[in-house]
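In: got a structure for you, letters missing:
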């Protein structure tokens with residue numbers, strides 16, 4: 001097993017670069033209809049697509065120095081999801097995003113991961129403006145955006161999905 005590069009730690013989590021061993025736990029997420037409900041059109045992913053995305057995340061972490069990093073629990077090293085920043089397709093914006101395994105919902109872990117990723121992205125990577133998007137029905141993600149200090153900017157259509165909420169945070173210093 002390769003040793004991943006830790007990007008940041010929070011009280012309960014490690015956000016780190018991806019490794020090939022993350023395929024199985026990530027496939028458990030991408031094949032869970034509840035986890036995938038608000039991702040794109042809500043379809044679960046097959047193994048081939050999941051493997052392609054893991055490979056892409058590995059490359060992005062190396063080439064860009066940022067991506068939606070793998071998230072693991074500090075207490076036991078279990079890989080539970082992803083959180084980080086990436087270019088928002090078809091825009092010049094940098095988007096923050098997060099997905100966690102269903103058994104990790106409602107514990108503040110997504111907010112903890114997102115807060116760490118946001119601070120790192122603005123303070124260490126130097127991004128001055130970061131956006132987040134979520135379907136209007138995804139109340140949990142919208143609450144996280146507000147907890148991060150983001151504010152509503154507009155409603156957009158994204159990938160054929162109407163009523164997508166677009167939030168933003170900017171630092172002027």
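Out: Received, thanks. As the structure is a prediction and not an experimental result, all values here were calculated from the model.
In: Which parts of the protein are helices?
Out: Along the chain, the segments classed as helices by DSSP state H run 23-30, 33-36, 47-63, 109-123, 139-147.
In: Just to check, residue 112 is in contact with residue 14?
Out: No - the pair residue 112 / residue 14 is not scored as a contact, 11.3 Å apart, by CB atoms under 8 Å. Backbone N, C-alpha and C define where each C-beta goes, glycine included.
In: Can you tell me the closest non-neighbouring residue to residue 101?
Out: Once its chain neighbours are removed from consideration, residue 101 has its nearest residue in residue 80; the separation is 4.8 Å (CB to CB, 6 or more residues apart in numbering).
In: Now do the contacts for that neighbour.
Out: For residue 80, the contacting residues are 25, 71, 72, 73, 100, 101, 104, 109, taking CB atoms under 8 Å, 6 or more residues apart in numbering as the criterion.
In: Over to residue 46?
Out: For residue 46, the set of contacting residues under the criterion of CB under 8 Å, 6+ apart consists of residue 31.
In: and the gap between it and residue 40?
Out: According to CB to CB, to the nearest Å, residue 46 and residue 40 sit 14 Å apart.
In: cool, and residue 84?
Out: Here residue 84 is placed at a distance of 18 Å from residue 40 (CB to CB).
In: Same drill for these two, tell me which one is more crowded.
Out: Relative neighbour count places residue 84 above the other of residue 84 and residue 40, with 29 against 12, counting by other CB atoms under 10 Å.
In: do you know how far that one is from residue 156?
Out: Counting by CB to CB, the separation of residue 84 from residue 156 is 21 Å.
In: Poorly predicted segments of this structure, please.
Out: Under the criterion of pLDDT under 70, the regions of the chain flagged as low confidence span 1-4, 173.
In: picking up where we left off before, buried subset of the contacts of residue 80?
Out: In terms of neighbour count (16 or more other CB atoms under 10 Å), the buried residues within those are 71, 72, 100, 101, 104, 109.
In: Please report how far the second one lies from residue 165.
Out: The one in question is residue 72. For residue 72, the distance to residue 165 - CB to CB - is 29 Å.
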